[in-house]
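In: let me see the structure of the following:
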Amino acid sequence: MRTTVKIWIRRMEADMTVFEKVQEKRVDIDYESGDHYVIDYLSEGELRWNALSVVGEGEPSSEVDPYDAVALGEDAHMVSWIEETGVVASQVADFGNGRVTTFLTWPEEGAHGGRGKMVLEGRLTLVG
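Out: You can find the predicted model right below:
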């Protein structure tokens, strides 16, 4: 009986969307680069990110964006969104290990494909 309940609970967790997993919590992200962000998942398709570290001149420090997400396993999700400035973020959030990897790309003249790119890695914590 207990094994059946554990399997059922694991299946439920694996079937959770990222919104269900973090609902009513904040995702605190501390990148090894020193950048620090908080993400609030507002609904199944919309998130708000806030930069807690200094951003470049003219760059937003907060924004609400539509997102798409897919579960990669029980505790990991890939979340992608496009910001108003044209920045594209694709993030693998591994809640089980408290790790995050984010691939960013943005319009940049003269760069390969007309896009600049960067990969950020860091620690994530659920708060709340």
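In: the chain: strands as residue ranges?
Out: In the chain, the segments counted as strands under DSSP state E are 26-31, 36-41, 46-51, 62-71, 76-82, 88-94, 99-107, 115-127.
In: could I get those strands as CSV with mean pLDDT, mean neighbour count and distance to residue 18?
Out: Where C-beta positions appear, they are placed from N, C-alpha and C, glycine not excepted. Shown next, in CSV, are the strands of the chain (pLDDT from 0 to 100; neighbours: other Cβ atoms under 10 Å; distance: least, Cβ to Cβ, whole Å):
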stretch, mean pLDDT, mean neighbour count, distance to residue 18
strand 26-31, 96, 18, 9
strand 36-41, 95, 19, 6
strand 46-51, 95, 17, 9
strand 62-71, 95, 15, 4
strand 76-82, 97, 18, 4
strand 88-94, 97, 18, 7
strand 99-107, 97, 16, 12
strand 115-127, 97, 14, 11
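In: adding distance to residue 16, write those out as CSV.
Out: Below are the strands of the chain laid out as CSV (distance: least, Cβ to Cβ, whole Å):
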stretch, distance to residue 16
strand 26-31, 14
strand 36-41, 12
strand 46-51, 16
strand 62-71, 7
strand 76-82, 9
strand 88-94, 13
strand 99-107, 18
strand 115-127, 13
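In: so which of those gets nearest residue 17?
Out: With Cβ to Cβ as the criterion, residue 17 lies closest to strand 62-71 of the strands of the chain, at 6.6 Å.
In: between the closest one and strand 46-51, how big is the angle?
Out: Put simply, strand 62-71 runs at 120 degrees to strand 46-51, going by axes from the mean of the first three to the mean of the last three Cα atoms, to 10 degrees.
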